[in-house]
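Colleague: Any chance you can model this:
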Amino acid sequence: MINNHSFRKRGSRRRHFLKGVGVTMALPVMESMASGGDSAEDAAEQGNPKKRSVKRMVNLSNAFGMYPSAFFPEDAGDDYRMPELLKPLERHRREMTVFSNLDHGLSLGHAGTPTLLNGIESKNARFHPDGNISVDQRAAEWLKATNRFPSLQTTVRGAKNSLSWTRNAVNLHGIGCKALYNKLFLDLDEQGRARQDQRYEQEASILDVVLDQAKSVHRRIGKNDQRKLDEYLNSVRGLENRFAQESQWLHKNKPRTQLPEPPVRFDRIEDEYDVHMELLTLALQTDSTRIITTDLGMQPGDLDLPLTYHAYSHHGELPELVEGLVAIEKFQMGYVARFLDRLKETEDLINGGTLLDHTMVLFGCGMATGHHSNRNLPVFLAGGGFKHGEHKAYPANRESKVPLCNLLLTMLQNFGVETDRFGTSTGTFAGLLET
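Modeller: As a prediction, the model looks like this:
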């Protein structure tokens, strides 16, 4: 059982400038920072008469996509037959939409995997007004410090979560079950909180010194270097904002749970997936966060399969390898379905109804299949705020391609972010949104 706690607002602290301590810090090249939008709470405070429901966003992915013929339905519309990999989700077909022929127009092989949620390679971030910020981090910017954790990045069974990117091209890596449990439910003692307070104070003071030094340099350099330095200054201010957000929650107690603390390592893949999905549900139920990005993996020996996930993904259409790959992907889809079950069975204490009614759940991968294709990415969207129940098949030819960023933009708008572009978007899926 979860006990909710009321939180008191903590006053801001005055930061002190460091003097005489020999603080130095290099000035690396960094990208531009964010400018967050107003949250739903901000809108309410400003007298917005339209009451917004609290929205949540969960992004689930794996490393190697999906075996296409077992994932994509043959027929478009609402009467499509669920292929083998989607059969575990049959009970949710009226609460989800499957898409065909959405991608980012990239040909990067494995390097395309980190672009699922933004459509932009990190090396090209500086050519875009918002950098290569991912959709989860764009939504987190807008929420600001509404929740203890603006977003959570997690990883199951040793997967490498490389999907979440800040506006200054920093990749946010995921944490496993035990670290996630500790983050959600374990409080620091008073001494630990005092030490962390001191760290925040020192970090903020160091940033003051760095900003002051960088501004003095700014006046003595050329325009190109000024641009690079401005990008760096923006990233430092982003760190200031992050420290300020984290410090607000330091002295507010976390929720309590009767869920036992998980082990560092799980012997069985089923146990790890089950506990991880329960923790994700609790993170949303306790309103510890409203944004989660999770990467699903496996280890050799899981599901009694002798090879690595990567080896099965390079199947070359050999029946025994295809069979192993489909077994892995069907297992993952089974736990995605169970996660949706949990959301559907859990009361939404803020909005009423269930968590699924107000949580959008995107599944996809930035690489379509293990043979390095990045075209026709396996994507489906479930949860509240959308008109579901269809397989939407879009044109496959390049001239008529619909960017996956159009769906990401639609998700942002459903979340409440007032923007008309995201990444490489050309529009939205207006007919997908509930009116």
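Colleague: For stretch 427-435, measure first residue to last.
Modeller: 18 Å (Cα to Cα, to the nearest Å).
Colleague: Would you mind listing the buried residues in that stretch?
Modeller: By neighbour count with 16 or more other Cβ atoms under 10 Å, stretch 427-435 contains the buried residues T428, F429, L432. From N, CA and C alone the C-beta is placed, and that goes for glycine too.
Colleague: Just put the residues you listed in TSV and tack on secondary structure, pLDDT and distance to H372.
Modeller: Shown next, in TSV, are these (DSSP: H, G, I helix; E, B strand; the rest coil; pLDDT from 0 to 100; distance: Cβ to Cβ, whole Å):
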residue	secondary structure	pLDDT	distance to H372
T428	coil	96	30
F429	coil	95	28
L432	helix	95	30
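Colleague: Surely L282 and L259 touch.
Modeller: Yes. L282 lies in contact with L259 (Cβ atoms under 8 Å); the separation is 7.0 Å.
Colleague: So for the two, which residue has more residues nearby?
Modeller: L282 (20 against 15; other Cβ atoms under 10 Å).
Colleague: so that one sits in a strand?
Modeller: No. Counting by DSSP: H, G, I helix; E, B strand; the rest coil, L282 is located in no strand; its state is helix.
Colleague: what's the distance between it and H388?
Modeller: 25 Å (Cβ to Cβ, to the nearest Å).
Colleague: do the same with N182
Modeller: 35 Å.
Colleague: more crowded one of these two?
Modeller: H388 (20 against 14).
Colleague: how would you label the more buried one: helix, strand or coil?
Modeller: Going by three-state DSSP: H388 is coil.
Colleague: Ok, T97 next?
Modeller: Per three-state DSSP, T97 ends up strand.
Colleague: my read: it touches L433, true?
Modeller: No. Judged on Cβ under 8 Å, T97 makes no contact with L433 at a distance of 11.4 Å.
Colleague: which residues are in contact with both of those two?
Modeller: F386 (Cβ atoms under 8 Å, 6 or more residues apart in numbering).
Colleague: Can you show me the helices along the stretch 51-200 of the chain?
Modeller: Remark: helices assigned in the stretch 51-200 of the chain by DSSP state H, counting those that start in this stretch are 68-71, 135-143, 177-185, 190-218.
Colleague: Which of those sits closest to V326?
Modeller: Nearest to V326 among the helices of the stretch 51-200 of the chain is helix 68-71; the distance by Cβ to Cβ comes to 5.5 Å.
Colleague: Show me what that closest one is packed up against.
Modeller: Applying 3 or more Cβ pairs under 8 Å, 6 or more residues apart in numbering; DSSP states H and E, we find helix 68-71 packed against helix 319-345.
Colleague: Now P403: phi and psi?
Modeller: phi -70, psi 140 (degrees, to the nearest 10).
Colleague: Now do the same contact list for it.
Modeller: L102, D103, H104, G105, G119, G423, T424, S425, T426.
Colleague: Who is it paired with across the strands?
Modeller: D103 (DSSP bridges).
Colleague: close enough to count as contact, T359 and L343?
Modeller: Yes. Counting by Cβ under 8 Å, T359 does reach L343; the two are 5.6 Å apart.
Colleague: Looking at those two, which one has more neighbours?
Modeller: L343 (28 against 25).
Colleague: quick one: secondary structure of the residue most central in space within the chain?
Modeller: Nearest to the mean C-alpha position of the chain, by Cα atoms, centre = their mean, lies T293 at 3.1 Å. At T293 the chain is in strand, as set by three-state DSSP.
Colleague: Quickly list what it is bridged to.
Modeller: With DSSP bridges as the rule, T293 is bridged to N59, Q153.
Colleague: related to what we said a few turns ago, among the contacts of P403, which one sits closest to F363?
Modeller: L102 (12.3 Å).
Colleague: ok, now how distant is the closest one from K401?
Modeller: Taking Cβ to Cβ, one finds L102 at 8 Å from K401.
Colleague: So for those two, which residue has more residues nearby?
Modeller: Taking neighbours as other Cβ under 10 Å, L102 and K401 compare with L102 leading, 23 against 17.
Colleague: pLDDT-wise, which helix or strand of the protein ranks last?
Modeller: Each helix and strand of the chain was given a mean pLDDT (mean pLDDT, DSSP states H and E); the minimum falls on helix 40-45 at a mean of 44.
Colleague: Skipping adjacent residues, who's closest to A327 in space?
Modeller: L303 (5.8 Å; Cβ to Cβ, 6 or more residues apart in numbering).
Colleague: and the one you found, what pLDDT?
Modeller: On pLDDT, L303 comes in at 97.
Colleague: show me what contacts the residue nearest to L108 when sequence neighbours are not counted?
Modeller: Leaving out its chain neighbours, the residue that sits closest to L108 by Cβ to Cβ, 6+ apart is N374, at 5.7 Å. Neighbouring residues of N374 by Cβ under 8 Å, 6+ apart: D103, H104, L106, S107, L108, G109, G112, G366, M367, A368.
Colleague: Who wins on neighbours among those residues?
Modeller: M367 (30 neighbours).
Colleague: Can you classify it as helix, strand or coil?
Modeller: Applying three-state DSSP: M367 is coil.
Colleague: Distance check, it against N374.
Modeller: 6 Å.
Colleague: Determine the residues that are contacts of both of these two.
Modeller: What both M367 and N374 touch, as defined by Cβ under 8 Å, 6+ apart, is the set G109, G112.
Colleague: where does the stretch 51-200 of the chain dip in pLDDT?
Modeller: 51, 200 (pLDDT under 70).
Colleague: what number of residues lie near the residue nearest to E345 when sequence neighbours are not counted?
Modeller: What sits nearest to E345 in space, not counting adjacent residues and going by Cβ to Cβ, 6+ apart, is T354, at 7.0 Å. Close neighbours of T354, defined as other Cβ under 10 Å, add up to 17.
Colleague: my guess is T354 contacts R342, does it?
Modeller: No. Using Cβ under 8 Å, T354 is not in contact with R342; the gap is 9.8 Å.
Colleague: Packing partners of whichever helix or strand H276 is part of?
Modeller: Here H276, judged by DSSP states H and E, is contained in helix 269-285. When contacts are defined as 3+ Cβ pairs under 8 Å, 6+ apart, helix 269-285 packs onto strand 56-62, strand 152-156, helix 177-185, strand 291-296, helix 319-345.
Colleague: In a markdown table: the ones you listed, plus distance to W165.
Modeller: Formatted as a markdown table, these follow (distance: least, Cβ to Cβ, whole Å):
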| stretch | distance to W165 |
| --- | --- |
| strand 56-62 | 12 |
| strand 152-156 | 10 |
| helix 177-185 | 20 |
| strand 291-296 | 10 |
| helix 319-345 | 23 |
